[in-house]
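[1] Starting from these lines, generate the structure:
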Amino acid sequence: MSEVDPAVARAIQALSVRCEVLECNPEWADTDVFCANYNIPRDHAANAILIASKTEPKQYSVCLVLATTKIDVNHAVSKLMGIKRLSFASAEETKAVTGQAIGGVTVFGLPDAIPLYIDNRIMENDYVIVGGGNRSTKIKLAPADLRKIPQAKTADIAIERGGPS
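    Alright, predicted model coming up:
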């Protein structure tokens, strides 16, 4: 796994996650472009997104949702975190907190104190593709292996795109 971010590779190895590393043109790392250029079904591609509290002290969570859905930040995630005012972290804040760039943020190698919420829809797939910690790799794995991440919890955290907001 030489192309994957070293911290991500260490986390995958420590958790004994079986996966396939996929090379990715960094210009095609954003999910919709990645799916279109590599012929990946959008319902098998997942986005890991850092959510931040709007109030101090700052609190964070990472949410993993399919590309066909959007995070229900104001209801589901707010309830899970016990915080009413949340927002999506900026690219700069995401890099500072996770060490990973937008377009490559993954669930592996995150700080232990950050909760990880995985939408239940992901667990229904035979495989899922997540970021590789950078914009030049993606990771294909069985969703069941996501349960090996100590701070991971599955929940209904997303709604279908085009559904109620």
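
[2] residues contacting Asp126?
    Asp126 makes contact with Ala142, according to C-beta atoms under 8 Å, 6 or more residues apart in numbering. C-beta coordinates here come from the backbone N, C-alpha and C atoms, glycine included.

[3] Kindly recompute the last result at 6 Å.
    With C-beta atoms under 6 Å, 6 or more residues apart in numbering as the criterion, no residue contacts Asp126.

[4] Repeat that for Ser61.
    When contacts are counted by C-beta under 6 Å, 6+ apart, Ser61 is found next to Ile51, Met81, Pro115, Tyr117.

[5] what's the most distant pair in those?
    Using C-beta to C-beta, the contacts of Ser61 reach their maximum pairwise distance at Ile51 and Pro115, which is 9.5 Å.

[6] what's the distance between the most far-flung residue of the chain relative to its centre and Arg85?
    Most distant from the centre of the chain: Glu56, at 23.8 Å, with distances by C-alpha atoms, centre = their mean. The gap separating Glu56 from Arg85 is 11 Å, by C-beta to C-beta, to the nearest Å.

[7] residues touching the most centrally placed residue in the chain, list them.
    Nearest to the geometric centre of the chain sits Ala48, at 1.7 Å (C-alpha atoms, centre = their mean). Going by C-beta under 6 Å, 6+ apart, Ala48 touches Val62, Leu64, Val105, Thr106, Val107, Gly131.

[8] Is it correct that it falls within a strand?
    Yes. The assignment for Ala48, made by DSSP: H, G, I helix; E, B strand; the rest coil, places it in a strand.

[9] So the closest residue to it other than its chain neighbours: helix, strand or coil?
    Once flanking residues are discounted, Ala48 sits nearest to Val105: 4.5 Å by C-beta to C-beta, 6 or more residues apart in numbering. Under three-state DSSP, the three-state class of Val105 is coil.

[10] For Val105, grab phi and psi.
    The phi/psi pair for Val105 (degrees, to the nearest 10) reads phi -60, psi 130.

[11] what's stretch 12-20 in contact with?
    Stretch 12-20 is touched from outside by Phe108, Ile139, Lys140, Leu141, Asp145, Lys148, with contacts defined as C-beta under 6 Å, 6+ apart.

[12] Dump that stretch to PDB, restricted to CA.
    C-alpha atoms of stretch 12-20 as PDB (Å, rounded to 0.1, in the frame of the first residue of the first chain):
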ATOM      1  CA  ILE A  12      -5.600  -0.400   7.900                       C
ATOM      2  CA  GLN A  13      -2.800  -2.900   8.800                       C
ATOM      3  CA  ALA A  14      -3.400  -2.500  12.500                       C
ATOM      4  CA  LEU A  15      -7.100  -3.200  12.100                       C
ATOM      5  CA  SER A  16      -6.400  -6.200   9.700                       C
ATOM      6  CA  VAL A  17      -8.700  -4.700   7.100                       C
ATOM      7  CA  ARG A  18      -8.700  -6.500   3.800                       C
ATOM      8  CA  CYS A  19      -8.900  -4.000   1.000                       C
ATOM      9  CA  GLU A  20      -7.800  -3.100  -2.500                       C
END
